[in-house]
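[1] have a look; sequence and predicted model below, questions after that.
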Amino acid sequence: MSATATPAIDGWFTTGPEPALVGSRCTACTTVYFPPTSGFCRNPACSGEEFERVELSRRGTVWSYTDAQYQPPAPYIPAADPYVPFALAAVELPEGLTVLGQVAEGYGVADLRVGAEVELVVEMLYADETGERSIWRWKPVAELGEEADQ
Amino acid sequence: MSAREVAVLGVGMHPWGKWGKPFVEYGVHAARAALADAGVAWTDVDLVVGGETVRNGYGGYVAGATFAQALGWNGARVATSYAACATGAQALDTARARILAGLSEVALVVGADTTPKGFLAPNAGERWDDPDWLRFRLLGMTNPAYFALYARRRMDLFGATSEDFAQVKVKNAKHGLANPYARYRKEVSVADVLGSAVVSDPLHLLDICATSDGAAAVLVTSTEYAARHGLRSGGGDVVRIAGISTVTPTFPNTVMDMPNLSTDSSLAVGEPERTFKASIGHAAYEEAGVSPADVDVAEVYDLSTALELDWIEDLALCGPGEAEKLLRAGDTTIGGRIPVNPSGGLACFGEAVPAQALAQVCELTWQLRGQAEGRQVEGARVGITANQGLFGHGSSVVLTR
């Protein structure tokens, strides 16, 4: 991914050496939301209407994982032709929510298990006429089997 | 009979398949079959509730008025429900509510669909505020990928195997063999499932349900109407709806749900007593005044083989992580302790969204009447359905005889 890549969606994650997801925290009840939100807090016991921007933890644990062996339909934009399958993970963050993401390039389901630690990275999702588009991804922190040796 | 019950006097279906016809044709076919089954004239119907679908590649909208007009305007009131996969249960609940309120006596509930081929995908156009569009654009997250997340959790947490999942398909394929409304009526082996292509690990093509054309209709009346007309619903005791659950989740919803990219956070407000799926069945049991131990037969939404195992636990038919044990012991097979999906389930039908929750009710009605030829659960008196619609729609119906 070149340094000029722009996020595939505005305001959902930061880039740079230590990228992070960007959430919204209700200033009244402190509930954190991702994707970032505005308007009204969805906690039924909260009347909050103000949110502050908050960067979410960069590390979490795998809630579950899978992959996409077939090219998903539009509006998915494949990064390569022919299509290259990729893995997906749902990751529990210390903020108490689970966030989906693709798994970092070079890693597949064999590199994951429920409860394993992963870290957020930003990689290229696709390129179009306007240039490269980036997205957040989950990258396994330890090679599987490594923990057993420790 | 409790004052909160309504009678199911007639049920009818159009066979599931890929017929390439307009949904109205399927719906009218099912509606007429339900009326004939009940022995009630169309002109007696004072309420038509249509199950609607709104989806990609779909040529129109299913609505109560569409069916009422096709059946021949008779002045009946109409209503239309949309609750994704839970549409049928919500339509049925609308009919029941008007009947219990004394505003209607004879209601015809119809769901029908014509479906496109392949992965379900969102509507065309750029919609950056729609999670159903964003999940494809940003993540390439298809419906089977969500099913696969649940399946993988069962493997890593409970020791489920691909063979277990395949065994669900084998069981349901066998159940559906004699069902004249099923699209797929062919025995399947574990090797067939494991030999089919992996779509989203760990799920194979034969672990995942297809999408189908189909229609189902249910004729419900007040219990007074049924008694007054001496209608006995299939010759035996009249089948009654004892409970319908159309609950929504309780905040925070901490289980990843299609088509969302994330869950609610449980940091500021703790997790609710029950997950959304567990709360769906719980509300149905409460309303019906029955317990999981009373259930003789269940029709659950096996969008994937593994999801059937989740539902068995969410309906409290066994404890968490125990569904594979039931499956392996043959408990969920017809003849076992608690047969699940005697119709053959979505494995044999494929999903026709607005019709599917009604199809579950049709099957349980036949089961409770003892009319499920070739797939009868002997002596069944209490049945429960379960499914979950996108965007927080619960669906569970308890039927008793």
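    Received it, and whenever you're ready, just let me know what you need. Numbering: from 1, shown residues only, chains lettered A, B, ... in the order given.
[2] going by C-alpha atoms from here, please, whenever you check contacts or count neighbours.
    Fine.
[3] what are the phi and psi angles of residue B:194?
    When read as degrees, to the nearest 10, the backbone of residue B:194 gives phi -70, psi -20.
[4] check which element follows the longest strand along chain B along the chain.
    If you go by DSSP state E, chain B has its longest strand at strand B:6-17. Downstream of strand B:6-17, the next assigned helix or strand under DSSP states H and E is helix B:23-38.
[5] so what strands line up beside the helix or strand that that following helix is followed by?
    Sequence-wise, the next helix or strand downstream of helix B:23-38 (DSSP H and E) is strand B:47-51. If you go by DSSP bridges, strand B:47-51 pairs up with strand B:77-81 (parallel), strand B:106-113 (parallel).
[6] okay, those strands in CSV with mean pLDDT and distance to residue B:216 next?
    As requested, these are exported to CSV (pLDDT from 0 to 100; distance: least, CA to CA, whole Å):
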stretch, mean pLDDT, distance to residue B:216
strand B:77-81, 95, 14
strand B:106-113, 96, 6
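[7] would you mind finding the most buried of these?
    strand B:106-113 (a mean of 33; mean count of other CA atoms under 10 Å in any protein chain shown).
[8] by how many degrees do that one and helix B:23-38 diverge?
    With axes from the mean of the first three to the mean of the last three CA atoms, to 10 degrees defining the directions, strand B:106-113 sits at 140 degrees from helix B:23-38.
[9] so which residues on chain B come close to chain A?
    B:119, B:121-122, B:124, B:133, B:136-142, B:145, B:148-150, B:152-153, B:156-157, B:198-202, B:251-252, B:254-256, B:261-269 (CA under 8 Å from any CA of the partner chain).
[10] how many other residues sit next to the residue lying closest to residue B:18 once chain neighbours are set aside?
    Distances taken as CA to CA, 6 or more residues apart in numbering or on different chains put residue B:213 closest to residue B:18, at 5.4 Å, once the chain neighbours are dropped. A count of neighbours around residue B:213, defined by other CA atoms under 10 Å in any protein chain shown, yields 27.
[11] of all the strands paired with strand B:47-51, which one comes closest to residue B:167?
    strand B:106-113 (28.9 Å; CA to CA).
[12] then that closest one to PDB, C-alphas only?
    Below are the C-alpha coordinates for strand B:106-113, written out as PDB (Å, rounded to 0.1, in the frame of the first residue of the first chain):
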ATOM      1  CA  VAL B 106     -61.500 -14.600  10.000                       C
ATOM      2  CA  ALA B 107     -58.000 -13.600   8.900                       C
ATOM      3  CA  LEU B 108     -55.900 -14.900   6.000                       C
ATOM      4  CA  VAL B 109     -52.200 -14.500   6.300                       C
ATOM      5  CA  VAL B 110     -50.100 -14.900   3.200                       C
ATOM      6  CA  GLY B 111     -46.400 -14.800   2.400                       C
ATOM      7  CA  ALA B 112     -44.900 -15.400  -1.000                       C
ATOM      8  CA  ASP B 113     -41.600 -14.700  -2.700                       C
END
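[13] relative to strand B:6-17, how tilted is that strand?
    Going by the same axes, to 10 degrees, strand B:106-113 is angled at 20 degrees with respect to strand B:6-17.
[14] after strand B:106-113, heading C-terminal, what element do we hit next?
    Counting by DSSP H and E, what follows strand B:106-113 is helix B:131-134.
[15] can you name the element that comes right after that next one?
    Next along from helix B:131-134, by DSSP H and E: helix B:143-158.
[16] looking only at pLDDT, what's the mean for that next one?
    Averaged across helix B:143-158, pLDDT comes to 98.
[17] can you tell me the SS state at the nearest residue to residue B:201 once chain neighbours are set aside?
    Using CA to CA, 6+ apart and skipping the chain neighbours, the partner closest in space to residue B:201 is residue A:66 (5.2 Å). Classification of residue A:66 by DSSP: H, G, I helix; E, B strand; the rest coil places it in strand.
[18] state the helix or strand in which the most centrally placed residue in chain B lies.
    What sits nearest the mean C-alpha location of chain B, by CA atoms, centre = their mean, is residue B:357, with 3.0 Å. Applying DSSP H and E as the criterion places residue B:357 in helix B:353-369.
[19] which strands and helices sit next to that helix?
    Other elements packing on helix B:353-369 under the criterion 3 or more CA pairs under 8 Å, 6 or more residues apart in numbering or on different chains; DSSP states H and E are strand B:6-17, helix B:87-100, strand B:106-113, strand B:213-222, strand B:239-245, strand B:297-300, strand B:382-389, strand B:393-400.
[20] need the winner for burial among those.
    Scoring the helices and strands packed on helix B:353-369 by mean count of other CA under 10 Å, the most buried comes out as strand B:106-113, with a mean of 33.
[21] work out the gap between that one and the centre of the chain.
    Put simply, strand B:106-113 sits 14 Å off its chain's centre (CA atoms, centre = their mean, to the nearest Å).
[22] tell me which of the helices and strands packed on helix B:353-369 approaches residue B:163 most closely.
    Of these, nearest to residue B:163 by CA to CA is strand B:297-300, at 20.0 Å.
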